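[1] Sequence and computational prediction follow.
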Amino acid sequence: MKLLHVAASVLNQTPLDWDRNAKNIRGAIDSARQLGVSALCLPELCLTGYGCEDAFLGVNTHQRAWKMLTGLLPETRGMAVSFGLPILHQNGLFNCAALAVDGHLIGLVAKRFLAGDGIHYEPRWFKAWPAGARDEFTAPDGTSIPIGDIHFDVGNVRIGFEICEDAWVANRPGAALALHGIDLIFNPSASHFAFGKLEVRKRFVLEGSRAFGVSYVYANLMGNEAGRAIYDGGALIATGGRLVATGPRFSFTDFKITDAIVDIDATRMSQARTASYKPDLAGTGALRVSAPFAGLRLKRTEILVGIQLRLLGKPAPCSRRRSLPVPRRSLCSITCARAGRMDSWYPSAVGPIQRQSPASFLWPANWPCMNWVKKAFAPSSRTLRTCLPN
């Protein structure tokens, strides 16, 4: 069982309001860090704002965005964070997601399918990146950074991207990412509100996580940042075809964090059990960018929380108020000693979980799984509660 704490942030950005946008992003990263998140997805073009329109073609816009990105890199220490910004490469402007790991920028993923219908005019400003192409972007300071249709291996966790419209098309990039053994797909989006649109998002997030055998994190903008459209937020996290976390919509706050713990090993074995799955073994390394980083793995205390959740099928407990759902799968090879002492945690039936004193711990009789837990840790549930010290 390899648990990963992921999160999506919805941001209330303003086009070209550099200071406010940076403040919101810093606040989101800081809040995610306090929750113990190790991988955070921010929305599409979150540095500049999505509604810059023809200002995207101004020299100052992409230069200021790059300067803002480099200023935010130190905020990502101990985490993997994706940012959205325009990148000028070989005189073409590309809508990119930048992945920063532990304070370092490791690569730029360029959007392959541009939204050019309805109120969207992305082809007016951006170029679509061709499938399977990788290049090197030369930053203003002279450093060379991989750019293109790439994916990442971060501490033995493989991360790929579908940027907004990429997930709405039939030939979505996630199909190719699945053949490369991707564990986690980030979808940074700027998807405006429309009636019934949320259900469409849920469908492609759920189906993407199921068909590609991955955990899927969807982050959206929030507010009236483009002037003509309302962005409703509504972050989504799914794993193995099940929706495990949904975020709030229509808020005036600067940002919201939606997080969950996902099991990387569970999705990997789901792919392994699928007879039709045929990994791409020819030249897969050409599009992969590797970064050694151990920070994506959960700490021992967080793993024990995940074990408790898998045993009890309840939202994971935490001293901070948040909802933390995880897939309910049966455990194997877990002993009483590995399960850990749980008498200091009180998983409530609904709502956020809060830390309780050991004396207040009870086993509610209405938990459907309690009989199974007691039998699994015979002679009594007391054995489970006294395995390890606090």
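    Right, received. Where do you want to start?
[2] Where does the prediction get shaky in the stretch 101-250 of the chain?
    Where the stretch 101-250 of the chain drops to pLDDT under 70, the residues are 226-227.
[3] distance of the residue nearest to Asn220 when sequence neighbours are not counted from Cys96?
    The spatially closest residue to Asn220, leaving aside those adjacent along the chain, is Ser189, at 4.8 Å (Cβ to Cβ, 6 or more residues apart in numbering). All C-beta spots, glycine's among them, are computed from the backbone N, C-alpha and C. Ser189 sits 14 Å away from Cys96, going by Cβ to Cβ, to the nearest Å.
[4] Just list the residues touching the residue nearest to Asn220, thanks.
    43-44, 163-164, 167, 218-221 (Cβ atoms under 8 Å, 6 or more residues apart in numbering).
[5] swap the cut-off to 10 Å and go again
    8, 10, 41, 43-45, 50, 84, 115, 162-168, 201, 218-221, 231, 234-236 (Cβ atoms under 10 Å, 6 or more residues apart in numbering).
[6] of these, buried ones?
    8, 10, 41, 43-45, 50, 84, 115, 162-167, 201, 218-221, 231, 234-236 (16 or more other Cβ atoms under 10 Å).
[7] re the thing from before, could I get the phi/psi values of the residue nearest to Asn220?
    phi -130, psi 160 (degrees, to the nearest 10).
[8] now it: how far from Tyr216?
    Going from Ser189 to Tyr216 by Cβ to Cβ gives 12 Å.
[9] between these two, what contacts are shared?
    8, 41, 162, 167, 236.
[10] so the last one touches Ala8, yeah?
    Same thing as Leu236. Yes - using Cβ atoms under 10 Å, Leu236 is in contact with Ala8, at 7.2 Å.
[11] For the two, list the residues in contact with both.
    Residues within reach of Leu236 and of Ala8 at once, by Cβ under 10 Å, 6+ apart, are 187, 189, 216-220, 245-247, 258, 260.
[12] Which residues are in contact with each of Ser189 and Cys96?
    What both Ser189 and Cys96 touch, as defined by Cβ under 10 Å, 6+ apart, is the set 44-45, 84, 163.
[13] Looking at these, spot the one nearest Thr143.
    Gly84 (20.0 Å; Cβ to Cβ).
[14] Report the beta-bridge partners for the closest one.
    Here Gly84 sits in beta bridges with Ala97, going by DSSP bridges.
[15] Does it touch Leu72 like I think?
    No - here Gly84 does not reach Leu72: they are 11.9 Å apart, not a contact under Cβ under 10 Å.
[16] what do the two both touch?
    Counting by Cβ under 10 Å, 6+ apart, the contacts common to Gly84 and Leu72 are 42, 47, 98.
[17] contacting residues around the second one?
    It refers to Leu47. The neighbourhood of Leu47, defined by Cβ under 10 Å, 6+ apart, consists of 13, 18, 21-22, 25, 61-62, 64-69, 72, 83-86, 98.
[18] ok, now the last one?
    Residues counted as contacts of Ala98 (Cβ under 10 Å, 6+ apart) are 42, 47, 65-66, 69, 72-73, 81-85, 87, 105-109, 145, 147, 188.
[19] Kindly report the same for Leu88.
    56-57, 59, 61-63, 65-66, 94, 137.
[20] still on that earlier bit, can you flag which of the buried ones among the contacts of Ser189 belong to helices?
    Those of those mapping onto helices are Arg201, per DSSP state H.
[21] thinking again about what came up before, how close does the residue nearest to Asn220 sit to Asp17?
    20 Å.
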